[in-house]
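# Have a look at this prediction, sequence included:
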Amino acid sequence: MRVLFVCLGNICRSPTAEAVFRAIAAREARDLVVDADSAGTAGYHIGAAPDARSQQAARRRGYDMSALRARVVAPEDFERFDLILAMDRDNLSVLRRRAPRERRQRIRLFLEFAPDLGTTEVPDPYYGGPNGFEEVLDLVEGAARALLAHLRRERQAEPI
Ligand code: 4NP
């Protein structure tokens, strides 16, 4: 199962989701074969490491994002990834417009998998204060666990 996390710049929310999902899957879902990547809908920061504020907040919780580099969503992504998860509705609508019609069902809001979080979007922390980066981590940790639980249920429902 290949999952692509997508936000606007690929330097705050989606690399956080990639790093957190990888770490939690490695720790808590070793029975699942999952791979993760991230990308942005915009190319403002291509090749850049994640935002220093995101990296610092993630590091305090034990996640290392330092090796990640920003890239833009590419046409091949709609073929390569089973699930393409948007952080907010702007990302979702851009992705839906760019995807070939027959791949649109692979594109979802990340937080759809975690209805208990009480919100459907991961807010953009870029222009806000430090609380925004903690909120991103709280939402992403909850949604990563909920997504892994969903993938586990889906696998159990599959015929062998
Ligand atoms: P991200 O945050 O989409 O979570 O990576 C942003 C990063 C950069 C910009 C906006 C949002 N920007 O306008 O440069």
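Everything's here; your move.
# now the helices for this structure?
13-28, 52-60, 77-80, 89-98, 131-157 (DSSP state H).
# Which positions in the protein make contact with the ligand?
With CB under 6 Å from any ligand atom as the criterion, the chain meets the ligand at residues 7-13, 44, 124, 126. Where C-beta positions appear, they are placed from N, C-alpha and C, glycine not excepted.
# Now list the buried members of these.
7-13, 124, 126 (16 or more other CB atoms under 10 Å).
# Of the helices of the chain, flag the one that's most buried.
helix 13-28 (a mean of 23; mean count of other CB atoms under 10 Å).
# which helices and strands does that one pack with?
Applying 3 or more CB pairs under 8 Å, 6 or more residues apart in numbering; DSSP states H and E, we find helix 13-28 packed against strand 2-7, strand 35-40, helix 52-60, helix 131-157.
# Contacts for it, please.
Residues outside helix 13-28 that contact it (CB atoms under 8 Å, 6 or more residues apart in numbering) are 3, 5-7, 32, 34, 36-40, 50, 54, 58, 62-65, 68, 70, 85, 87, 110, 122, 124-125, 136-137, 140-141, 143-145, 147-148.
# circling back: which of the residues of the chain next to the ligand fall in strands?
Using DSSP state E, the subset of these located in strands is C7.
# Perfect, I'm done here.
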